[in-house]
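Visitor: Give me a model of this one.
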Amino acid sequence: MRVTAVRATWLRAPIPAEHAHVSDFGRNDTFNMCLVEVETDAGLVGLGEAKAAVGNLGNYAAMVTLIREELGPAIVGRDPRDVTAIWDLLYNGTRAHYATREGRTFPTMGRRGLAMSAISGIGSMAWLSTG
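Guide: From the prediction side, this is the model:
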């Protein structure tokens, strides 16, 4: 089984005014998330969620772009059941082969925060796609 496509979509679900949550962060009148879909040549589609912030906070444009332009293309052609290898590839980037050989990480610059959330959205989906 191989990954054939990776999609990322910024989803916004409005919360009715009477159910909106108010906290020190403000009023949550929508719920936002990045839906990650990974399609395989076996016809399976795995779903994952990547979060940029709590509730309606955060802008998901950068996360969607990161998944669509960098992370997704890196796993096309890979076996989605090989979760560890996919995670190592996404975390270590072009240095993944060194990480595997040396038994430690060589993370790509900037692998914190938003990038880690995007990788986790892909990783959670990889488990689901195996049925």
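
Visitor: Give me the next element, helix or strand, following the helix or strand bottoming out on mean pLDDT in the chain.
Guide: Ranking every helix and strand in the chain by mean pLDDT, DSSP states H and E puts helix 96-102 at the bottom, with a mean of 63. Per DSSP states H and E, the first helix or strand lying C-terminal to helix 96-102 is helix 113-128.

Visitor: Buried residues, that next one. List them.
Guide: For helix 113-128, burial by neighbour count (16 or more other Cβ atoms under 10 Å) applies to 114-126. From N, CA and C alone the C-beta is placed, and that goes for glycine too.

Visitor: Report all helices and strands that it contacts.
Guide: Helix 113-128 sits against strand 3-14, strand 30-40, strand 45-50, helix 61-66, helix 83-92, with contacts defined as 3 or more Cβ pairs under 8 Å, 6 or more residues apart in numbering; DSSP states H and E.

Visitor: quick one: contacts of the first one?
Guide: In this case it means strand 3-14. 29-41, 50, 56, 60-61, 63-64, 67-68, 71-73, 75-80, 118, 121-122 (Cβ atoms under 8 Å, 6 or more residues apart in numbering).
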